[in-house]
Structures are given as C-alpha cells and as structure tokens.
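[1] Just to be clear, the model below is a prediction. Sequence and coordinates:
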Amino acid sequence: MATEAIKFIQANKQHPFYLNYWAFSVHGPYDSKKALIERYKQKAATLPNDSPQRNALYAAMMQCLDDAVGRVVQAIDDAGIADRTIIVFFSDNGGVHWAHPEYYKGKTEWGDTPITSNLPLRGGKATIYEGGTREPASSSGRA
C-alpha cells in the first residue's frame, strides 16, 4: 500500500490532491516478517509474563506500519510538497484485546498473549467500552 501511495504522490505532486492511505499492516491475518518477529520475541522475553504489551508478532506488525508510514512521509518530503501538505494519522478503533483460541492456531510466535492491550481502558475492538471507541490520533500540518 505504501508503494502505491508513493507512486501516486510522485505522479500528482504538481497539483493539489487528496490521498487516503488505509494501512492494513496491523489487521488480520496476523503475520509479519520473520526476522522482526524474532527480534521482538527477544525483547518480549525480557518483560514480565503479566505485561500486556509483550506480543512479538504484533510488535513486528507495528514496526512494518511505522516503516511504511515513514516511507510515505519521506516521499512527501522528496517531492518537495511538505510545506503544502497536511497529514492526519488516525485509527479506526481500539486494538484486539481478547485471546480467542481460534486466532492462535498455528501461531507459535503469538504464544498465549492477546494481540494487544488497551489498558488502562476497558475493552477494545468491537466493544462499546472506551478501549474500543477512544482513539489515538495525531496530525502534522506543515502549512
């Protein structure tokens, strides 16, 4: 998706445009680059077993998202349009916080840790609690 967004930026940098970039990097099916999973497994091993943020697979997925967004922002800089670009980064809901056995089949890198935690908020994706409805957001306006 980032590669396609970058192509669009390069092709349209001469005139105003709207780009809606939906990142699927942190959605199911849950998988990521094996080297990143191993890197975060090592980090997770140093955390307490009750730490809610120790899922190596999800950490690897988050790094892929971060890397992709970084590539898109770099493409905006490289295109020379950063001074007339607004970037809004927003999530659609809280993270998956449940540990349903069906999701763990064949996922040895997942272990028994829910994919993420919304603590200290209650609930998460698909709930009406704050963990599912309160959203982190940031924006960067370079106007």
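    Good, I have the coordinates.

[2] how far does stretch 87-100 sit from the chain's center?
    Stretch 87-100 sits 8 Å away from the centroid of its parent chain (C-alpha atoms, centre = their mean, to the nearest Å).

[3] Report the rounded mean pLDDT for that stretch.
    Throughout stretch 87-100, pLDDT has a mean value of 74.

[4] Just the buried positions in it, please.
    87, 94-97 (16 or more other C-beta atoms under 10 Å). C-beta: built from backbone N, CA, C; applies to glycine.

[5] can you check stretch 116-124 too?
    116-118, 121, 123-124.

[6] Give me the average confidence score over the lengthiest helix in the chain.
    In the chain, taking DSSP state H as the definition, the longest helix is helix 56-78. The average pLDDT for helix 56-78 rounds to 94.

[7] Ok, stretch 115-124 next?
    Mean predicted confidence for stretch 115-124 is 81.

[8] Name the surrounding residues that touch that stretch.
    Residues outside stretch 115-124 that contact it (C-beta atoms under 8 Å, 6 or more residues apart in numbering): 30, 52-53, 55, 57-58, 93-98, 103, 129-132, 134.

[9] Inside strands: which ones of the buried residues of stretch 87-100?
    In this view, the buried residues of stretch 87-100 that belong to strands under DSSP state E are I87.
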